[in-house]
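Novice: sharing a sequence plus its predicted fold:
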Amino acid sequence: MDADVRQKYRLSTLSVLILAGAALRLLFLRGRSLWFDEGTTLMLSRVPLSALFDFVVRDEVMPPLYHLLMHIWLRFFTDPLLGIRLFSALCGIAALAAFRRLAERILPERARLLAVFLAAFSSYWIHLAQDGRVYALLILISVLITTDAFDLDERPTPRLWARYAALAAFGLWTHYYFAVLLATHAAWLVFRWRHSRRELAHLVAAHAAAGLLFLPWAGSFLRQFPLHRHIIANGDALTLRHTLDLYGTMFFDVGFLGLVLPAWIAPAAGGAFAIVAAAAVRGGTGQERRAAVFCLAHIAIPFVLIALVEAWCGRPVTQSRFFAPLSPVVYLLTALVLASPGAGRRVLRLSCEALVAAGAVGWFTSVRLIDPHLGALAASIRAATAPSLPLVYLDTYYYLPMRAYYLPERRHYLVARAAEGMDYASYPPYDGVLDD
């Protein structure tokens, strides 16, 4: 096969992978029951715009941009469940297309197909792209700005700096942990430009501009964080096992099936990735070496920063999904190492592809078979009870999905001890919290 034919084959295969990934993000989009956090999305999207920011402060641990977008977006949908998930699916498809460009910028040609395959069939990315929450949007912004950070190292033009600053501000208004990614970019570019005062000044200016654009929300953040210490503390500390589990989930995320599968699968996958990352330290020269260092910096620095924050706070301050911005470089680094020549690496590459494909199958199996089936539950309640009978919940998990989507015509009440720390009492149009 000559070079031109080989190039056309790779380009066509990349396009097929993107199309397959797009189809997977749209498959069974409404097949899974609305879950608690998606119920929060729906409830906040219906709050009057004048009160939205206050509700986000009281009932979320993120800035308000996503909920503001949902407040507008859902006006075009009669089915809000389809609306919130379609938004995430479109963000997921756009992130996959943007990831292709990132792979072409960073990786040698032989590694690009594997990287795009991992992203297209990743059950982790598919899961987030079918979830009515902020994380598909967060991944999209992360892929775009990480591409710009890599390009800035080569051609720091004023237009590129302006786009980087705009994306940085957009990301900060999307999720607080985006700041960790920006810190990583800063560390990388400072290392690359340590002898260039001019570019370092541009870097400071871009980050300062993003910070100033975020400044109007800073006071709300200072009020929000103390209100939700109990929620953030529900996460796990960054122990070795939790870290391996977090990385492994990026390759094998099967939703409800995780409740019945052995708990060691994700940590084992994370351990395999740790070995891959260690191999990247020694391998390659030139472009490959630079790509490896870039990816390793984006994997190691965020964990160091978050570990320092946890040590300062004296408790966990993170949840697994907060690390979604790291997943693109995880796939890039894996492809860079496993696509290298050698029979042993070919076996590892096939094993990795099989694991990721199995994760995608597991995710859709989970969607179809292991689900609370809240729609059927709501139909049973309608058939068995009078419309005037209220529903009382002793736990929060079903409260918001049933109130916001499945039985919106009924009255729903949550006992006070289950509602502790959340402002369900003030959601319009009625007080939904009962004294115990």
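Specialist: Structure's in. What do you need? The structure presented is a predicted model; accordingly, all values stated were derived computationally and were not measured.
Novice: from Leu222, how far out is His242?
Specialist: Counting by C-beta to C-beta, to the nearest Å, the gap from His242 to Leu222 is 28 Å. The C-beta positions use only the backbone N, C-alpha and C, and glycine is treated the same way.
Novice: actually Tyr164, sorry about that
Specialist: Tyr164 is 26 Å from Leu222, where distance means C-beta to C-beta.
Novice: so for these two, which residue has more residues nearby?
Specialist: Of the pair Tyr164 and Leu222, Tyr164 is the one with more neighbours under other C-beta atoms under 10 Å, namely 27 against 10.
Novice: secondary structure element holding the residue nearest to Arg10 when sequence neighbours are not counted?
Specialist: Once flanking residues are discounted, Arg10 sits nearest to Leu113: 6.3 Å by C-beta to C-beta, 6 or more residues apart in numbering. Counting by DSSP states H and E, the element that carries Leu113 is helix 109-121.
Novice: quick check, distance from that helix to the centre of its chain.
Specialist: 19 Å (C-alpha atoms, centre = their mean, to the nearest Å).
Novice: in it, what counts as buried?
Specialist: By 16 or more other C-beta atoms under 10 Å, the buried positions in helix 109-121 come out as Ala111, Arg112, Leu113, Leu114, Ala115, Val116, Phe117, Leu118, Ala119, Ala120, Phe121.
Novice: and the two most separated of those?
Specialist: Farthest apart among the buried residues of helix 109-121 by C-beta to C-beta are Ala111 and Phe121. That separation is 16.1 Å.
Novice: do you know how far the residue located most distally from the centre of the chain is from Met250?
Specialist: For the chain, the largest distance from the centre (C-alpha atoms, centre = their mean) belongs to Ala386, which lies 41.1 Å off. For Ala386, the distance to Met250 (C-beta to C-beta) stands at 48 Å.
Novice: excluding chain neighbours, what is closest to Asp395?
Specialist: Ala418 (5.6 Å).
Novice: likewise for Glu199?
Specialist: If the residues on either side of it in the chain are set aside, Glu199 comes closest to Trp193, at 4.3 Å by C-beta to C-beta, 6+ apart.
Novice: what distance do you get for the one you found to Gln287?
Specialist: Distance from Trp193 to Gln287, counting by C-beta to C-beta: 19 Å.
Novice: with Ser123 instead?
Specialist: Note on Ser123: its distance to Gln287, by C-beta to C-beta, is 30 Å.
Novice: between the two, who's got more neighbours?
Specialist: The neighbour comparison of Ser123 against Gln287 (other C-beta under 10 Å) goes to Ser123, with 27 against 11.
Novice: residues of stretch 168-184 that come out buried?
Specialist: 168-182, 184.
Novice: just say helix, strand or coil for Asp131.
Specialist: With DSSP: H, G, I helix; E, B strand; the rest coil as the basis, Asp131 sits in coil.
Novice: pull up the per-residue confidence for it.
Specialist: At Asp131, the predicted lDDT confidence score is 97.
Novice: do the same with Ser196
Specialist: 87.
Novice: what does it show for phi and psi?
Specialist: Torsion angles at Ser196 (phi, psi; degrees, to the nearest 10) stand at phi -120, psi 100.
Novice: that one: neighbour count?
Specialist: The tally of other residues near Ser196 (other C-beta under 10 Å) stands at 14.
Novice: offset the numbering so it begins at 49, please.
Specialist: Shifting the count to begin at 49 puts that one at Ser244.
Novice: and it, how close does it get to Asp201?
Specialist: According to C-beta to C-beta, Ser244 and Asp201 sit 11 Å apart.
Novice: what do you get for Met298?
Specialist: The value you get for Met298 to Asp201, if C-beta to C-beta is used, is 25 Å.
Novice: now swap in Ala249 and tell me
Specialist: 16 Å.
Novice: Pro128 too?
Specialist: 43 Å.
Novice: go on, Val404?
Specialist: Plainly put, Val404 is 29 Å away from Asp201 if you go by C-beta to C-beta.
Novice: so between those two, which is more surrounded?
Specialist: Neighbours were counted for Val404 and for Asp201 using other C-beta under 10 Å; Val404 has more, 24 against 16.
Novice: can you tell me how far that one sits from Gly69?
Specialist: 11 Å.
Novice: identify the contacts common to those two.
Specialist: Common contacts of Val404 and Gly69 (C-beta atoms under 8 Å, 6 or more residues apart in numbering): Phe169.
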